[in-house]
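Novice: Provide a 3D model corresponding to the input given below.
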Amino acid sequence: MKRILILPLIFLILFGSCRKNDTVPVRDVTPAMARDSLYDLMNQWYYWYNLMPVVTKENFSDPYKLMDTMRYKPLDRWSFVADYDEFNAEMQGEFVGHGFRIGLDDAGIARIAMIYSQSPLYKDGVRRGWIVKKIGDHEIAPILQSGNAAAYADAIGPSTAGITNIFLFQNPIDGKDVTISSTKSNFILNTVLLYETIQLSSGITGHLVFDSFIEPSVQELATAFAFFKENNVKDLILDLRYNSGGYLFIAQTLASYIAGDGKAGTTFANLQYNNKHQSQNSIYSFVTSQYPLNLTRLVVITTRSTASASEAVMNGLKGANINVVSIGDLTNGKPTGMNGWDVGKKYWFWPVTFKMINALGQGEYFEGIAPAKLVLDDITHDFGDKEELCLKEAIYYLENGLVSTKGSSDFIRYPQFSEKPSWIEKGLLLETPVK
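Specialist: Below you'll find the predicted structure:
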């Protein structure tokens, strides 16, 4: 089966057709058989097939190692091989763990950066901004500061349901320490973390915090935009700071809600394949939707984890002459997408197979989409708190028509860790400060 993706830090999916001749004909596939299939696939479909390193496939025992070696590393950080069942479960929203993202604030304190509403810890009252002092006997801030992924893995344990961790938190509201015993569980994650309206001097503004473009997103986005439509929002603040991508058809849907039916039928994204498969080039258009907003202004909150489908939404709307302004950090820089092949229902192969441009021919953002203003990801405040630095700056822009002049001259990306699989998230994001 062939599918399409747009992954970022490894995660962007474009829906694709299923054709019988696209199915890799393998039963009871062995690692060596899968390796050979990947080698042939990369030489035919990989976007940079003519720039790949020369390899001897027999030197590799499985497709995972071969994919990593065949990638055109100057540009490709994303092509990957995934376990078939694990990948399908993830894209359906199935999750195992505590359900949070953890990071350092600018004082070097470990805090919850994001938490899903179905997380066991969320039910215990834990929210974004809570200080994480210890997991078991492990002090967490020093581990994050050192970038020691092995030490963090030792503290948190494997992603297996039934594993219990003892957390020592500090509630930032009252300053009290809280010890919580939490057991990792299976649950369906929510991709819409928050939707609300904000009354500004510029009018009623929608505020949407969106985590990933996966199957549960379809209904969650419909619910959010029905609310926005009912409340006659004039502008939208779209928080994609941790959204590393997903299915392209969901990106198309989100962009169509924002652009409105007046853009239906016009180009959202133009997909361009390598010179062996020019017949696959295609255009994804804006579509009619049940809750079109017909917006002219959009403010997007971004970080280096904003990738693939998220960037496609931003670029596609810019191509539709919508004023798209971003606040936060450079995005990941993935103007490409993947087609997916399942091999014997044991592996998924997701090589980069095409580049995307918008209606204006724009799409070479491999260095990331630059924000109008660099603003720290302020994990000391929850998403809906108007004192959160990125949200505060987004509001300022909508009310004044330009970014503020206040801010530090130095901008630093602080490390964060997510429980999501490595093909979706890099995990510890340790990057050089941007001056």
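Novice: sec struct for Val132, please.
Specialist: Secondary structure, DSSP: H, G, I helix; E, B strand; the rest coil: Val132 is strand.
Novice: use 262 as the first number for this chain going forward.
Specialist: Yes, from this point I'll number from 262; that puts the last item at Val393.
Novice: show me the contacts for the closest residue to Phe486 other than its chain neighbours.
Specialist: Leaving out its chain neighbours, the residue that sits closest to Phe486 by Cβ to Cβ, 6 or more residues apart in numbering is Tyr552, at 4.0 Å. The C-beta positions use only the backbone N, C-alpha and C, and glycine is treated the same way. Going by Cβ atoms under 8 Å, 6 or more residues apart in numbering, Tyr552 touches 483, 486-487, 489-490, 518.
Novice: tell me which of those is nearest to Tyr345?
Specialist: The closest of the contacts of Tyr552 to Tyr345 turns out to be Ala483 (Cβ to Cβ; 29.0 Å).
Novice: for that closest one, give me its contacts.
Specialist: Counting by Cβ under 8 Å, 6+ apart, Ala483 has contacts 551-552.
Novice: that one should be in a helix, yeah?
Specialist: Yes - Ala483: assigned to a helix according to three-state DSSP.
Novice: any idea how far it lies from Phe489?
Specialist: Relative to Phe489, Ala483 is positioned 11 Å away (Cβ to Cβ, to the nearest Å).
Novice: list the beta-bridge partners for the closest residue in space to Tyr308 that isn't next to it in sequence.
Specialist: Counting by Cβ to Cβ, 6+ apart, Tyr308 lies nearest to Val613, which is 4.8 Å off, once chain neighbours are set aside. Beta-bridge partners of Val613, counted by DSSP bridges, are Met599.
Novice: Asn535 contacts Trp306, doesn't it?
Specialist: Yes - using Cβ atoms under 8 Å, Asn535 is in contact with Trp306, at 7.3 Å.
Novice: hang on, the earlier thing: the residue nearest to Tyr308: how many residues sit nearby?
Specialist: For Val613, the neighbour count with other Cβ atoms under 10 Å is 28.
Novice: overlap in contacts, Asn535 and Trp306.
Specialist: Residues touching both Asn535 and Trp306 (Cβ under 8 Å, 6+ apart): Thr614.
Novice: more neighbours, the two?
Specialist: Trp306 (22 against 18).
Novice: just the contacts of Tyr552 now: which is nearest Gly605?
Specialist: Ala483 (35.4 Å).
Novice: before we move on, back to that, now intersect the contacts of Tyr552 with the helices, please.
Specialist: Those of the contacts of Tyr552 mapping onto helices are 483, 486-487, 489-490, 518, per DSSP state H.
Novice: write a PyMOL command that selects only the buried members of those residues.
Specialist: Only the buried entries of the ones in helices among the contacts of Tyr552 go into this PyMOL selection, using 16 or more other Cβ atoms under 10 Å:
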select buried, resi 483+486+489+490+518
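Novice: out of the ones in helices among the contacts of Tyr552, who's nearest Leu336?
Specialist: Tyr518 (31.2 Å).
Novice: low-scoring pLDDT stretches of the protein, where are they?
Specialist: The model of the chain has pLDDT under 70 over residues 262-288, 668-670, 682-696.
Novice: mind giving me the domain split of it?
Specialist: 357-450, 453-661 (automatic domain parsing).
Novice: any idea how far Cys297 is from Thr317?
Specialist: Slight slip there: residue 297 is Asp, not Cys. Here the criterion is Cβ to Cβ. By it, Asp297 lies 12 Å from Thr317.
Novice: these two: who's more crowded?
Specialist: Asp297 (18 against 7).
Novice: could you find the closest non-adjacent residue to that one?
Specialist: Among residues not flanking Asp297 along the chain, Lys318 sits closest, at 6.3 Å (Cβ to Cβ, 6+ apart).
Novice: do Pro632 as well
Specialist: Leaving aside its sequence neighbours, Pro632 sits nearest to Ser587 (Cβ to Cβ, 6+ apart; 4.3 Å).
Novice: surely Arg332 touches Val342?
Specialist: No - the pair Arg332 and Val342 does not pass the contact test of Cβ under 8 Å, sitting 10.9 Å apart.
Novice: what segments of the protein are helices?
Specialist: Going by DSSP H, the chain shows helices at 292-306, 324-331, 345-352, 381-384, 401-407, 410-417, 478-491, 509-520, 570-580, 650-661.
Novice: quick one: closest of these to Leu497.
Specialist: Ranking these by proximity to Leu497 (Cβ to Cβ) places helix 509-520 first, at 6.3 Å.
Novice: helices or strands up against the closest one?
Specialist: strand 263-267, helix 478-491, strand 528-534, strand 543-546, helix 570-580 (3 or more Cβ pairs under 8 Å, 6 or more residues apart in numbering; DSSP states H and E).
Novice: alpha carbons only: can I get stretch 306-319 in PDB?
Specialist: The C-alpha coordinates for stretch 306-319 follow below in PDB (Å, rounded to 0.1, in the frame of the first residue of the first chain):
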ATOM      1  CA  TRP A 306      11.200   7.100  -5.700                       C
ATOM      2  CA  TYR A 307      13.500   9.000  -3.400                       C
ATOM      3  CA  TYR A 308      13.400  12.700  -4.200                       C
ATOM      4  CA  TRP A 309      17.300  13.000  -4.100                       C
ATOM      5  CA  TYR A 310      17.900   9.500  -5.600                       C
ATOM      6  CA  ASN A 311      20.700  10.900  -7.800                       C
ATOM      7  CA  LEU A 312      22.500  12.400  -4.700                       C
ATOM      8  CA  MET A 313      22.400   9.400  -2.500                       C
ATOM      9  CA  PRO A 314      25.700   7.900  -1.300                       C
ATOM     10  CA  VAL A 315      26.800   4.700  -3.000                       C
ATOM     11  CA  VAL A 316      26.100   1.700  -0.800                       C
ATOM     12  CA  THR A 317      26.300  -2.100  -1.000                       C
ATOM     13  CA  LYS A 318      23.000  -3.200   0.400                       C
ATOM     14  CA  GLU A 319      24.400  -6.600   1.500                       C
END
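Novice: show residues contacting it.
Specialist: Outside stretch 306-319, the residues touching it (Cβ under 8 Å, 6+ apart) are 296-297, 300, 303-304, 327, 330-333, 335-337, 340, 534-535, 537-538, 597, 600, 612-616.
Novice: give me the buried entries from those.
Specialist: 296-297, 300, 303, 327, 331-333, 336-337, 340, 534-535, 538, 597, 600, 612-616.
Novice: state the distance from the residue nearest the centre of the chain to Thr592.
Specialist: The centroid of the chain falls nearest to Ser505 when counting by Cα atoms, centre = their mean (1.3 Å). Going from Ser505 to Thr592 by Cβ to Cβ gives 10 Å.
Novice: what is in contact with those two at once?
Specialist: Residues touching both Ser505 and Thr592 (Cβ under 8 Å, 6+ apart) are 567-568, 571.
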